[in-house]
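In: this one's sequence-less:
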């Protein structure tokens with residue numbers, strides 16, 4: 001029951017009541033738009049990662065069936081990474097100026113373009129153009145401008161209390177969709193081949209499905225509301241042209257340097273290299289390796305959900321560092337285990353906490369910059385990680401070829417990651433985020 005002052009006239013009370021009703025309705029409409037945008041962004045993330053996972057299983061096999069040599073395939077995959085990195089940096093650093101929805105739709109168009117060209121031709125020159133300009137993921141991991149822009153948009157729809165929790169679910173959704181996509185890609189091509197299709201035709205269908213994903217992404221992104229744009233925060237601070245960053249440029253570049261170091265360390269122990277190590281050290285067969293890394297990929301996705309609770313209690317930086325440090329110690333212990341079961345147990349234990357820093361790292365980056373710089377900040381730090389991760393596998397591969405250095409990648413990766421954690425804490429521990 002609403003209590004009014006005795007001096008208010010009926011007309012005045014009506015005006016007040018109508019004003020409160022209008023405010024309430026506007027609030028409900030805003031909340032509905034935010035929920036609508038979240039659903040679209042999560043759906044887009046899952047659709048995209050499903051496509052990446054599906055394509056990663058068949059891409060190299062498809063190119064080989066098209067008649068490309070191993071050298072041509074290697075060059076194509078390298079330029080795919082280079083092109084995606086350049087496109088990502090260009091689009092994400094402009095996204096908050098040209099519009100996040102526009103940027104995401106452009107990215108969807110690049111997915112469609114690359115998929116159509118790859119499905120339609122075996123010409124190396126045309127594939128080279130599509131790989132460099134378009135968006136193709138040969139590894140199943142996130143590429144293109146999507147991750148940084150979606151994180152910025154999600155931050156726009158979240159309060160400071162639930163942003164990290166939202167990012168944890170966002171990463172879980174993506175990891176699950178990638179796993180399902182990889183499984184689907186293998187089953188789809190196998191079933192088509194059994195039904196009478198040639199290997200080339202069965203792989204080609206998978207590429208066409210990937211291209212169709214670009215259409216789906218565009219349809220999802222055009223339905224986003226203005227609430228996901230940088231201007232929806234009410235901030236009108238000017239943004240400098242360089243990298244799309246203004247007053248937070250120095251902070252973002254320091255973060256980018258540290259994140260590149262972490263990714264460089266991680267490149268020594270990417271999944272394929274660890275699988276090779278288990279095969280050489282313990283004679284593990286491919287079927288068993290698949291089971292090991294299926295579990296290893298699921299565990300961090302689920303454990304990331306607890307990161308939000310820890311961050312709410314201890315802070316984003318503390319959660320990033322103090323969950324990452326023990327995982328790096330466990331990584332160093334893997335090659336020191338005397339038996340396969342113990343090595344697997346140590347690896348799975350490591351994976352159970354190794355990715356808890358991912359949603360907190362993403363949330364920290366979004367919290368550390370102003371809303372109109374979030375897409376650029378996500379893009380710069382994301383590209384730094386991509387570049388860092390692309391350098392170390394060459395060194396790790398050489399180490400694995402030397403008997404005396406077979407386990408060195410684990411030690412180098414763990415050691416560098418510990419240095420990264422300590423440097424991150426020492427650099428940012430005195431910086432207080434607006435959210436905290």
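Out: That came through, no problem. Remember, predicted model here, so these are calculated numbers, not experimental data. Numbering: from 1, shown residues only.
In: what about residue 86, how many neighbours?
Out: For residue 86, the neighbour count with other Cβ atoms under 10 Å is 13. Just so you know, the C-beta spots here come from the backbone N, C-alpha and C atoms, and that holds for glycine as well.
In: and it, helix, strand or coil?
Out: In three-state terms, and counting by DSSP: H, G, I helix; E, B strand; the rest coil, residue 86 is helix.
In: Just the pLDDT at it, thanks.
Out: The confidence metric pLDDT takes the value 82 at residue 86.
In: Please report how far it lies from residue 379.
Out: According to Cβ to Cβ, to the nearest Å, residue 86 stands 11 Å off from residue 379.
In: ok, now residue 255?
Out: Distance, residue 255 to residue 379, using Cβ to Cβ: 12 Å.
In: List the buried residues in stretch 182-199.
Out: Within stretch 182-199, the residues that count as buried by 16 or more other Cβ atoms under 10 Å are 182, 184-185, 188-189, 192.
In: Looking at residue 255 and residue 379, which has the bigger crowd around it?
Out: residue 379 (31 against 23).
In: For that one, give me its contacts.
Out: Counting by Cβ atoms under 8 Å, 6 or more residues apart in numbering, residue 379 touches 88-89, 91-93, 95, 145, 148-149, 244.
In: okay if I get those residues as a markdown table plus secondary structure and distance to residue 398?
Out: Shown next, in a markdown table, are the contacts of residue 379 (DSSP: H, G, I helix; E, B strand; the rest coil; distance: Cβ to Cβ, whole Å):
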| residue | secondary structure | distance to residue 398 |
| --- | --- | --- |
| 88 | helix | 28 |
| 89 | helix | 29 |
| 91 | helix | 35 |
| 92 | helix | 33 |
| 93 | coil | 34 |
| 95 | helix | 38 |
| 145 | coil | 33 |
| 148 | helix | 32 |
| 149 | helix | 37 |
| 244 | helix | 37 |
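In: Give me the buried subset of the residues you listed.
Out: For the contacts of residue 379, a neighbour count by 16+ other Cβ under 10 Å gives the buried set as 88-89, 91-93, 95, 145, 148-149, 244.
In: Which residue in those has the weakest pLDDT?
Out: On pLDDT alone, residue 244 ranks lowest of these, at 65.
In: Please enumerate the strands of the protein.
Out: Taking DSSP state E, the chain contains no strands at all.
In: Show me the domain layout of it.
Out: Annotated domains of the chain cover 37-228, 246-436 [automatic domain parsing].
In: Run through the residues that contact residue 420.
Out: Counting by Cβ under 8 Å, 6+ apart, residue 420 has contacts 258, 261-262, 265.
In: if we take these, which one ends up nearest to residue 211?
Out: Among the contacts of residue 420, residue 262 lies closest to residue 211 (Cβ to Cβ), at 33.5 Å.
In: Chain neighbours aside, what residue packs nearest to that closest one?
Out: Closest residue to residue 262 apart from its sequence neighbours, by Cβ to Cβ, 6 or more residues apart in numbering: residue 420 at 4.5 Å.
In: Over to residue 276?
Out: Nearest non-adjacent residue to residue 276, counting by Cβ to Cβ, 6+ apart: residue 400, 6.2 Å away.
In: Just to check, the one you found is in contact with residue 280?
Out: Yes. Assessed by Cβ atoms under 8 Å, residue 400 is found in contact with residue 280 at 7.4 Å.
In: between the two, what contacts are shared?
Out: Counting by Cβ under 8 Å, 6+ apart, the residues touching both residue 400 and residue 280 are residue 406.
In: Excluding chain neighbours, what is closest to residue 364?
Out: residue 316 (4.4 Å).
In: So the one you found versus residue 157, what's the distance?
Out: The value you get for residue 316 to residue 157, if Cβ to Cβ is used, is 19 Å.
In: Residue 251 now?
Out: Distance, residue 251 to residue 157, using Cβ to Cβ: 24 Å.
In: before we move on, what about residue 86?
Out: 29 Å.
In: Which parts of the stretch 51-200 of the chain are helices?
Out: For the stretch 51-200 of the chain, the helices defined by DSSP state H, counting those that start in this stretch occupy 70-92, 95-98, 100-120, 124-133, 146-157, 163-194, 199-221.
In: Any idea which of those gets closest to residue 285?
Out: Closest to residue 285 of those is helix 163-194 (Cβ to Cβ; 17.5 Å).
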